[in-house]
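Q: next come a sequence and a model predicted from it.
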Amino acid sequence: MNKDSKIYVAGHRGMVGSAIVRELQKQGYTNIVTRTHAELDLTRQEAVESFFAAERPEYVFLAAAKVGGIVANQNALADFMYDNMILEMNVIHAAWKNGCKKLEFLGSSCIYPRMAPQPMPESCLLSGPLEKTNEAYALAKISGLKYCEFLNRQYGTDFISVMPTNLYGPNDNYHPEHSHVMPALIRRFHEAKLSGAPSVTCWGDGSPLREFLYVDDLAELCVFLMNNYSGNETVNAGTGKEISIKDLTALVAKVVGYEGRIEWDTTRPNGTPRKLLDVSKAAALGWTYHTGLEDGIRLAYQDYLNGKSSAL
């Protein structure tokens, strides 16, 4: 990408999209195109095609998505599958149709099988059953990834995909029912601290292992890959380090300053037992993460306190 290349960031108000915009601006890119949902509904094919025909962006970061935690995914299976699949297909198809030089599709590590080998290499995609609690979202993301691959094979496009691990950071979603584990814990411990609650109850038994990547580190990788990677196989984005949910809750409580008890509701689902990405491919390309977990949680909590994040 040249510094004046026309770059469209889809989903620029979300956590990932806003981080990509910050990174592009930090690196001196000056021709960044964005649209709010009110200005452009990406689930409407005619609107998306009109936008691409008029703007003709040279590069596209597809970070827009309908996202949520376990509860949201379980309660709205059809919505998660339809909204994400139609959104992805509209944007990817319009980018191809209008001669976009390169598109980068942002997915999720939930695309990999529930019992995938650990750490999970990119090659384990579609090698086993998915985790049921987010199957609809995963299937939609797999479809987007594969559509990019098939366009490359059939039409010679240069469309790539990136599969991040669990993300957190500025502009996260702290909705009490629709958030992921990190923002959910930050909000719950903060509210418990303010109310003086003697205990906080968390789902499951705390045994699952998870990996977390600060979103600004992901954004740096996204721009790096746009400039340095082409290929049909996706690229994992993570730290290569994992932590149990039990240890994570203790760390979040420490950062927030909550000193009460942490209890576990074992009648609630744990989700996938372990999710650790093999990040050797990104490392071989020359990228690694920078932000340690505790430092990242402090930055995320400060952002929450500043009221910049959604659903406060």
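A: Right, received. Where do you want to start?
Q: please, which helix or strand holds Lys66?
A: In the assignment (DSSP states H and E), Lys66 maps to no helix and no strand.
Q: need the strands for this structure, in chain order.
A: Taking DSSP state E to define them, one finds strands in the chain at 7-10, 32-33, 59-62, 102-106, 159-164, 166-168, 199-203, 209-210, 212-214, 235-237, 243-244, 261-265.
Q: between the longest one and strand 102-106, how big is the angle?
A: I take that to be strand 159-164. 20 degrees (axes from the mean of the first three to the mean of the last three CA atoms, to 10 degrees).
Q: show me what strand 159-164 is packed against.
A: With contacts defined as 3 or more CB pairs under 8 Å, 6 or more residues apart in numbering; DSSP states H and E, strand 159-164 has these neighbours: helix 77-97, strand 102-106, helix 135-155, helix 215-228, strand 235-237. Where you see a C-beta, it was placed from the backbone N, CA and C, and this is true even at glycine.
Q: closest to Gly204 out of those?
A: Put simply, out of those the one that sits nearest Gly204 is helix 135-155, at 18.4 Å, with distance taken as CB to CB.
Q: just the buried residues of the closest one, please?
A: Burial within helix 135-155, assessed by neighbour count using 16 or more other CB atoms under 10 Å, is assigned to 135-145, 147-149, 151-152.
Q: can you check stretch 104-118 too?
A: Judged by neighbour count (16+ other CB under 10 Å), stretch 104-118 contains these buried residues: 104-114, 116, 118.
Q: and the closest residue to Lys132 other than its chain neighbours, what does it touch?
A: Nearest residue to Lys132 in three dimensions, chain neighbours excluded: Arg114, at 7.7 Å (CB to CB, 6 or more residues apart in numbering). Under the criterion of CB atoms under 8 Å, 6 or more residues apart in numbering, the contact list for Arg114 reads Gly128, Pro129, Leu130, Glu131, Lys132, Thr272.
Q: neighbours of the fifth one, how many?
A: Residues within reach of Lys132, counting by other CB atoms under 10 Å, total 15.
Q: would you mind measuring from it to His12?
A: Shown here: Lys132 relative to His12, a distance of 32 Å by CB to CB, to the nearest Å.
Q: shaky segments in the stretch 151-300 of the chain?
A: Low-confidence segments of the stretch 151-300 of the chain, defined by pLDDT under 70: 178.
Q: in contact with the nearest residue to Leu293 once chain neighbours are set aside, which residues?
A: The shortest distance from Leu293 to any non-neighbouring residue, by CB to CB, 6+ apart, is to Phe212 (6.0 Å). For Phe212, the contact set (CB under 8 Å, 6+ apart) comprises Thr165, Asn166, Leu167, Tyr168, Met182, Thr239, Ile243, Leu248, Leu293, Gly296.
Q: closest one to Leu87 out of the residues you listed, please.
A: When the contacts of Phe212 are compared for distance to Leu87, the smallest value, 18.4 Å, is given by Leu167; criterion: CB to CB.
Q: so who does the closest one touch?
A: Leu167 makes contact with Met15, Val16, His180, Phe212, Leu213, Tyr214, Val215, Leu218, according to CB under 8 Å, 6+ apart.
Q: check the gap between the third one and Thr36 for me.
A: According to CB to CB, His180 and Thr36 sit 23 Å apart.
Q: and for the fourth one?
A: Phe212 sits at a distance of 28 Å from Thr36 (criterion: CB to CB).
Q: same deal with the last one?
A: Separation of Leu218 from Thr36 (CB to CB): 22 Å.
Q: which one of the two is surrounded by more residues?
A: Between Leu218 and Thr36, counted using other CB under 10 Å, Leu218 has the larger neighbour count: 24 against 9.
Q: need the buried residues of stretch 104-118 in TSV with distance to Phe224, can you?
A: What follows is the buried residues of stretch 104-118, written out as TSV (distance: CB to CB, whole Å):
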residue	distance to Phe224
Glu104	11
Phe105	16
Leu106	14
Gly107	17
Ser108	19
Ser109	19
Cys110	23
Ile111	21
Tyr112	22
Pro113	28
Arg114	30
Ala116	25
Gln118	25
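Q: now flag whichever of these is closest to Asn228.
A: Taking the buried residues of stretch 104-118 together and measuring to Asn228 by CB to CB, the closest member is Glu104, at 11.6 Å.
Q: that closest one contacts Leu221, doesn't it?
A: No: using CB atoms under 8 Å, Glu104 is not in contact with Leu221; the gap is 10.2 Å.
Q: who touches both of these two?
A: Residues within reach of Glu104 and of Leu221 at once, by CB under 8 Å, 6+ apart, are Val162.
Q: which of the buried residues of helix 135-155 sits closest to Asn31?
A: Distance ranking of the buried residues of helix 135-155 against Asn31, using CB to CB, places Cys148 first at 23.2 Å.
Q: could you report the pLDDT at the closest one?
A: We note a pLDDT of 98 for Cys148 in this prediction.
Q: quick one, what contacts Gly260?
A: Each residue near Gly260 by CB under 8 Å, 6+ apart is listed here: Ala192, Ala197, Pro198, Ser199, Val200.
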